[in-house]
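> I would like to see how this sequence folds:
(2 chains)
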Amino acid sequence: MSRSVQFGLRVILAGTFGYAALAKIADPAAFAFAVDNFGLLPWPLAAALALYLPWLELVSAVALFFHRTRVGGLAIVTALSGLFALALASALIRGLDIACGCFGADGRPSLAWPLIRALLLLAVGCWLLIEERKQPSGVGRATNESAAYDGEKVS
Amino acid sequence: MRSMFPPPVVWLLAVAVLPAAVAAWLHPHAPAWNREKAGVAEVGAAWVAERHAAALWVDARSEAAFRRDGIAGAVPLNEDKWDDLMGGFVAAWRPGAVVVVYCDRHCNSSQEVARRLRREMQIDNVVVLRGGREAWPEGAR
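This is a model prediction of the structure:
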């Protein structure tokens, strides 16, 4: 896959996560209620997540544009997309009539489109991670760095 | 050779902690750690418009204000006449319905009524209309 396509997909990921982050950072209390509506976490954890998650999204979105942090950012946004998809699927299965909270407090009540969007972002993230692994400076290197950090012998 | 730096994922996770901690401390809209103190979620008119057919409106203002321009289909319920008005609310409430409480633009009675409905009636599906009665257009329902 050409580097320009990869860059375009990273821009889409970064734009989506960056925009979502800024909307939530503006009103973390409202986002805490959105998290609470899913009924998956006790309130103190929902409040803590509402404060932390938007900043993690923003940091990861910015990291996608830097060589040294690109793979780390990709890994995080991909993992978050997977978690969002699981949470949304769980809410749909339980028949919850709630807003997604993906871009702040308000939003359309339907959870189906946010679930599709999360699955698309997950697919894009996985694909980009696989492409990074194919490159000598990609995931493979990051894994070796990780192993070295853990004190293991790296061949 | 042993790397000086942890893997990128770890320090990206760590970097996000600092602004989150500052937000918890200084953000004017930081969530309260106690669920009761956090109040009841506020939603915009657009959010309600998507589901108003399933919503039960509760007017938390005075009965005079309710008679003047209460939203059609709403039931009055305020703290001054809680016991007197509760019968009307119970008659209108259906399990699973979203209860949308409103008062005027600058008031706190909708939050008080919504909290009390959660606490005393054990109704979880309660929200407060952001912007109050003025946020819901005339004749929208």
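
> which residues of chain A fall in helices?
Counting by DSSP state H, chain A has these helices, from start to end: A:3-26, A:28-37, A:43-63, A:70-93, A:112-134, A:139-149.

> So which of those helices is nearest residue B:127?
Judged by CB to CB, the one of these that comes nearest to residue B:127 is helix A:28-37, at 8.5 Å. Where you see a C-beta, it was placed from the backbone N, CA and C, and this is true even at glycine.

> List the neighbours of that closest one that are in contact with it.
Around helix A:28-37, the neighbours that count as contacts under CB atoms under 8 Å, 6 or more residues apart in numbering or on different chains are A:24, A:41, A:43, A:46-47, A:49-51, A:53-54, A:96, A:98-101, A:104-105, B:23, B:27, B:29-32, B:35, B:38, B:41-42.

> How are the helices of chain B distributed by residue range?
Along chain B, counting by DSSP H, helices occupy B:8-15, B:17-26, B:35-38, B:45-49, B:63-69, B:82-92, B:109-121.

> Could you list the contact residues of chain B toward chain A?
Counting by CB under 8 Å from any CB of the partner chain, the positions of chain B adjacent to chain A are B:1-3, B:5-9, B:11-13, B:15-17, B:19-20, B:23-24, B:27, B:29-35, B:38, B:41-44, B:46-47, B:50-51, B:54, B:98, B:125.

> hmm, try it at 7 Å
Of all the residues in chain B, those in contact range of chain A (CB under 7 Å from any CB of the partner chain) are B:1-3, B:6-9, B:12-13, B:15-17, B:19-20, B:23-24, B:27, B:29-31, B:33, B:35, B:38, B:41, B:43-44, B:46-47, B:50-51, B:98.

> tell me the pLDDT at residue 13?
The chain I'm using is chain A. Per-residue confidence for residue A:13 comes out at a pLDDT of 96.

> You answered for a different chain; I wanted chain B.
According to the model's per-residue confidence, residue B:13 sits at a pLDDT of 95.

> Any idea how many residues pack against it?
For residue B:13, the tally of surrounding residues (other CB atoms under 10 Å in any protein chain shown) stands at 17.

> swap in residue A:134?
Other residues lying near residue A:134 total 10 when counted by other CB under 10 Å.

> check contacts around it.
Contacts were defined as CB atoms under 7 Å, 6 or more residues apart in numbering or on different chains; by that measure residue A:134 touches no other residue.

> ok, now how distant is residue B:20 from residue B:54?
Taken as CB to CB, to the nearest Å, the spacing of residue B:20 relative to residue B:54 amounts to 35 Å.

> Of these two, which one has the most company?
Neighbours per residue (other CB under 10 Å) separate residue B:20 from residue B:54, with residue B:20 holding more: 22 against 13.

> doesn't residue A:51 make contact with the more buried one?
Yes. Under the contact definition of CB atoms under 7 Å, residue B:20 touches residue A:51, with a separation of 4.7 Å.

> And the residue of chain B closest to chain A?
Distances from chain B to chain A, computed as CB to the nearest CB, single out residue B:8 as the nearest residue at 2.8 Å.

> mind checking how far that residue is from residue A:74?
As for residue B:8, its distance to residue A:74 is 10 Å (criterion: CB to CB).

> out of the two, which sits in the busier spot?
The neighbour count for residue B:8 versus residue A:74, taken as other CB under 10 Å, is higher for residue A:74 (28 against 22).

> so where is chain B shaky, pLDDT-wise?
Regions of chain B meeting the criterion pLDDT under 70 cover residues B:1-6, B:36, B:51-52, B:138-141.

> Any idea how far apart the tips of stretch A:55-72 sit?
Stretch A:55-72 has an end-to-end distance of 15 Å (CA to CA, to the nearest Å).

> right, I mislabeled it, should have said stretch B:125-134
By CA to CA, the extent of stretch B:125-134 from end to end equals 22 Å.
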